[in-house]
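Colleague: Kindly generate the corresponding structure for this input.
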Amino acid sequence: MPSRSFNHSVTADADIEDVWKTLDLPETWEDIGVVDRVFDPVFDDDRLVGFSFETMAAGKRYVGVATPATREEGRVMGWRIENSEVAGTLEVRLAPTSAGTEIEVNIHVESVGLLSTMFFPVVAGAVGSGLPRAVDAFANGLGSEAG
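Modeller: Numbers count the residues shown, from 1 in each chain. Predicted structure coming up:
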């Protein structure tokens, strides 16, 4: 099955602790990548540990789930994402810099359904072209400038 990976980095004018806190907010994941709408978030205390999502691909809306993949407090938060046609990972890595916080977003998607195999180039193109804009907007929302 076809697969693609994308990444984009930006420097936010925000403390790493503040950026990390936003990653535990379900709505943050609507701003970062392949997710159009988050619903039914699952928490363990104040930690986000999963959510359901909708995403639009090839003119159709798909419902999926995000489950924990990687979590290193203050450094990395990643999700396994899956719906009926596409699976993959969505990961955010943080690193302190003299200007604030470097935010690196990595997305890996692969086709898992027969229908998505035919539309995968369109889906992958949309993810790849939209990622820089989404990550930059997320960082700007934290009071930063894209770097």
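Colleague: mind showing which ranges of this structure have poor pLDDT?
Modeller: 33, 57-58, 115-116, 143-147 (pLDDT under 70).
Colleague: where along it do the helices fall?
Modeller: Residue ranges of the helices in the chain, as given by DSSP state H, are 16-23, 28-32, 114-141.
Colleague: taking those together, which one is wrapped up most tightly?
Modeller: Ranked by average neighbour count under the criterion mean count of other Cβ atoms under 10 Å, those are headed by helix 28-32 at a mean of 20. Bear in mind the C-beta positions are built from the backbone N, C-alpha and C, glycine included.
Colleague: Run through who's touching that one.
Modeller: Counting contacts by Cβ atoms under 8 Å, 6 or more residues apart in numbering, the residues outside helix 28-32 that touch it are 22, 35-38, 51, 53, 66, 79, 90, 92, 105, 134-135, 137-138, 141.
Colleague: Walking through this protein, point out its strands one by one.
Modeller: Using DSSP state E, the strands of the chain run over 3-12, 37-44, 47-57, 60-72, 76-82, 86-97, 100-111.
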